[in-house]
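S.K.: Structure here, sequence nowhere to be found:
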């Protein structure tokens, strides 16, 4: 399972509440020195070890020819996205390699051109970071409305309103999403009066001359004002307005703004003072998640890393191009807590492998052996389930998509099947658009109209290969299925049994079938097994052999002996698309990693499913995709969140 873990050790929190006698007429700086408070409280952060890698580019004759690491960073579990910007040139691209959580090198993939100065090398930050953030608990009259504001000094020229909330019987909890280490931030909270305290409303007498209001004599300045109260006039006239000035929570004077007219008598009314009843500060972990956009991830925590079942699901997130922030409001005193994120997609690193039947024991179409370089990509860890298929189709059916078949499946957590190649390609586009990504497949080389309806034989040039969810190429499939190992017969090794896959055992036929008995798996009989039932391969991928065939992109053609880079098959092809991975009723020979099959793209078979690829750095269609899991409304003024754009 791909994951990364980091820790926050929380010592007893230090709540800061202000005595009732001091609450009247004062602004509250509950989190004035929150970083210092965290240190005094004994918080330590293993997350401080997480660090963004840095590098510099070397330019010769206008080309980016090399990149030198200046800091490998820390906390990486898959290679980060690298962008080369500036320098007046364009077109240079690069790819990072990660070992033991650090970027050890960045290789130039394309040199670009036109660079007259050294461009910047921007490396994406690690996927998970932990900080300590202020947690404010506001108590007041249940059912009343409280206003939370902040400023960055004790004498601000302007307070920024963050949110208005309705208080419950247990108060209101708010976490500051934009507070940064080393920054002073002051919060002010105003709520309606509490009967247990004694706010006092100001009073005064209007001064009337020749039917005009020319002044107000303050007879009682009141107490507990956090801001200037409103001033209204009564009496026989109309049109008079005034503005009050406060000092230390008391109305000091009133300035008449318009005198009005027709006043034979007048009265003045001041609005009642708000009241901060109780404001308490704690410190909680603020978890920042950066992941491949539109990818589903699960944030997990553990109190002690003492076994494989020590992790607890905390929150399901959808990553966006910006960081997603989550506050752990359940963190308690004197607690050690570890965090990690896990994804339903596995990262497949770039690299070369030998494609084909290295044992020369299979079918002729598995030869000749040839070397293939495949760029990095993400691949679903599991076959697309019937539940996931239905979820996307429900959205797609109301957004201009049409499918030929509804799909079938033995159960919600089993692979979907009875879906044609055309439908799964459209489904990948729908999954992309649902997640806010630019789709991969189009109806022509112009790449302007996404493929949503009909049976279109999409060609290689009609695909945006670096955008959105799509089917794996046959080369991507075999590289992923091998799990990083070289020359093995199966994704896990060189022998097979029911402990490895859902297949039809027949140990008397092939020596590498070591199952003790023949027949279908007795647990699943004739049909699929739940996804993820059997152990994964070296890349964390499940069911890469057995269970059901999976559609690939390529037309089913013969191999070339030439070395290749990111092959995408014949541009037009014959009549069948490639299927890989075998099925529940195949014997051991069919479950070998190199085995290939061709299926008619318009045919919806009950033994063919699929899974999808997501290229690193897939382009988002708009800024609204993804999800933020902040437990409070967005501030009216806020610092931008971090994240590689």
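M.R.: Sure thing, it's come through. Quick caveat, the model's predicted, so the values are computed rather than measured. Numbers count the residues shown, from 1 in each chain.

S.K.: so where's the stretch 201-350 of the chain shaky on pLDDT?
M.R.: 226, 274-282, 292-295, 305-309, 316, 319-322, 332-335 (pLDDT under 70).

S.K.: Neighbours of residue 80, how many?
M.R.: Applying other C-beta atoms under 10 Å, we find 23 residues neighbouring residue 80. Just so you know, the C-beta spots here come from the backbone N, C-alpha and C atoms, and that holds for glycine as well.

S.K.: Would you mind measuring from it to residue 54?
M.R.: 11 Å (C-beta to C-beta, to the nearest Å).

S.K.: joint contacts of the two?
M.R.: residue 123 (C-beta atoms under 8 Å, 6 or more residues apart in numbering).

S.K.: And the helices in this structure?
M.R.: Secondary structure of the chain by DSSP state H: the helices cover 20-23, 34-40, 386-396, 421-434, 474-482.

S.K.: out of these, which comes closest to residue 542?
M.R.: helix 474-482 (11.2 Å; C-beta to C-beta).

S.K.: what residues go with each domain of the chain?
M.R.: What automatic domain parsing lists as the domains of the chain is 51-125, 130-193+277-343, 203-270, 346-621.

S.K.: mean pLDDT for these: which is lowest?
M.R.: When the domains of the chain are compared by mean pLDDT, domain 130-193+277-343 comes last with a mean of 71.

S.K.: give the contact list for the residue of the chain most remote from its centre.
M.R.: In the chain, counting by C-alpha atoms, centre = their mean, residue 210 sits farthest out from the average C-alpha position, at 68.1 Å. When contacts are counted by C-beta under 8 Å, 6+ apart, residue 210 touches no other residue.

S.K.: Residue 239 versus that one, what's the distance?
M.R.: Distance from residue 210 to residue 239, by C-beta to C-beta: 14 Å.

S.K.: For residue 290, find the nearest of the helices of the chain.
M.R.: Counting by C-beta to C-beta, residue 290 lies closest to helix 421-434 out of the helices of the chain; the figure is 20.0 Å.

S.K.: Buried residues in that closest one, which are they?
M.R.: If you call a residue buried by 16 or more other C-beta atoms under 10 Å, then helix 421-434 has these buried ones: 421-434.

S.K.: next one: stretch 393-407
M.R.: 393, 396, 401, 403, 407.

S.K.: Excluding residues flanking it in the chain, which one is nearest the first one?
M.R.: In space, residue 393 comes closest to residue 403 once its chain neighbours are excluded; the distance is 6.4 Å by C-beta to C-beta, 6 or more residues apart in numbering.

S.K.: try the third one
M.R.: The shortest distance from residue 401 to any residue other than its chain neighbours is 4.8 Å, reached at residue 452 (C-beta to C-beta, 6+ apart).

S.K.: The one you found: how many residues sit nearby?
M.R.: Neighbours around residue 452, by other C-beta under 10 Å: 19.

S.K.: my guess is it contacts residue 397, does it?
M.R.: No - between residue 452 and residue 397 there is no contact under C-beta atoms under 8 Å: 10.8 Å.

S.K.: Just the terminal-to-terminal distance for stretch 599-611.
M.R.: Using C-alpha to C-alpha, to the nearest Å, the end-to-end distance of stretch 599-611 comes to 16 Å.

S.K.: need the contact list for residue 462.
M.R.: Contacts for residue 462 (C-beta under 8 Å, 6+ apart) come out as 441-445, 447, 451.

S.K.: In those residues, which residue is surrounded by the most others?
M.R.: residue 441 leads these on contacts (other C-beta under 10 Å) with 24 neighbours.

S.K.: Can you name the residues that contact it?
M.R.: 425-426, 428-429, 450-451, 458, 462-463, 470.
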